[in-house]
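Peer 1: Sequence and predicted structure, then a few things I'm wondering about:
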Amino acid sequence: MRHQKIKGKLSRPTDRRKALLRSLLRGLIISGKIEVTLSQAKQTKRIMDRLLSLAKKDSLAAQRSAFRILGDRKLVYNLFRQIAPKFPEGGATRLIHLSWRRGDGAKMAVLEL
């Protein structure tokens, strides 16, 4: 049975899903705001909150774990030195629901720091 299973497959194979989420995380760290579908925003928010809790620990092991997810040293530096100190008590990401996308009717959302 599928009781309490996370629905995070995004209709993609594992390698493409990881690449998609990595690029969404990069865009969120660089620009501070992205507009994507609701399901993609929920998955990105889940991983971003995990990265921010790692960044608050500020240890070498936490930096290596973040690098494993992001794959770019500059982004890890920005996350640990610039973004995480702005949110000391948590609640760093905000998910705002938007209207339906005109082309295919997908529910859209804005994810911002």
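Peer 2: That came through, no problem. Everything numeric here is computed off the predicted structure, so don't read it as measured data.

Peer 1: what about the helices in this structure?
Peer 2: Remark: helices assigned in the chain by DSSP state H are 14-31, 38-57, 60-70, 73-78.

Peer 1: Among those helices, which comes closest to Glu89?
Peer 2: Comparison of the helices of the chain against Glu89 by Cβ to Cβ identifies helix 38-57 as nearest, at 9.6 Å. (Glycine included, C-beta is placed from N, CA and C.)

Peer 1: hmm, who's touching the closest one?
Peer 2: Under the criterion Cβ atoms under 8 Å, 6 or more residues apart in numbering, residues 7-8, 10, 20-21, 24-25, 28, 34, 36, 62, 65-66, 69-70, 79-80, 83-84, 87-88, 90, 92-93, 95, 97, 106-111, 113 lie in contact with helix 38-57.

Peer 1: let's go with 6 Å and repeat that
Peer 2: 8, 24, 62, 65-66, 79-80, 84, 92-93, 95, 107, 109, 111 (Cβ atoms under 6 Å, 6 or more residues apart in numbering).

Peer 1: Of the residues you listed, keep whichever come out buried.
Peer 2: Using 16 or more other Cβ atoms under 10 Å as the burial test, the contacts of helix 38-57 include Leu24, Ala62, Ser65, Ala66, Leu79, Phe80, Ala84, Ala92, Thr93, Ala109, Leu111 as buried.

Peer 1: Next one: the last one from Ile83, what distance?
Peer 2: Yep, that's Leu111 we're talking about. Relative to Ile83, Leu111 is positioned 14 Å away (Cβ to Cβ, to the nearest Å).

Peer 1: one step back: among the contacts of helix 38-57, name the ones in strands.
Peer 2: Taking DSSP state E as the definition of strands, those contribute Leu95, Lys107, Ala109, Leu111.

Peer 1: Name the nearest of those residues relative to Leu75.
Peer 2: Distance to Leu75, by Cβ to Cβ, is smallest for Leu111 among these, at 16.2 Å.

Peer 1: rewinding a little: reformat the contacts of helix 38-57 into a markdown table and put distance to Asp49 next to each item.
Peer 2: Compiled in a markdown table, the contacts of helix 38-57 are given as follows (distance: Cβ to Cβ, whole Å):
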| residue | distance to Asp49 |
| --- | --- |
| Gly8 | 14 |
| Leu24 | 14 |
| Ala62 | 14 |
| Ser65 | 14 |
| Ala66 | 13 |
| Leu79 | 12 |
| Phe80 | 15 |
| Ala84 | 12 |
| Ala92 | 7 |
| Thr93 | 6 |
| Leu95 | 11 |
| Lys107 | 21 |
| Ala109 | 15 |
| Leu111 | 11 |
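
Peer 1: Fine by me, thanks again.
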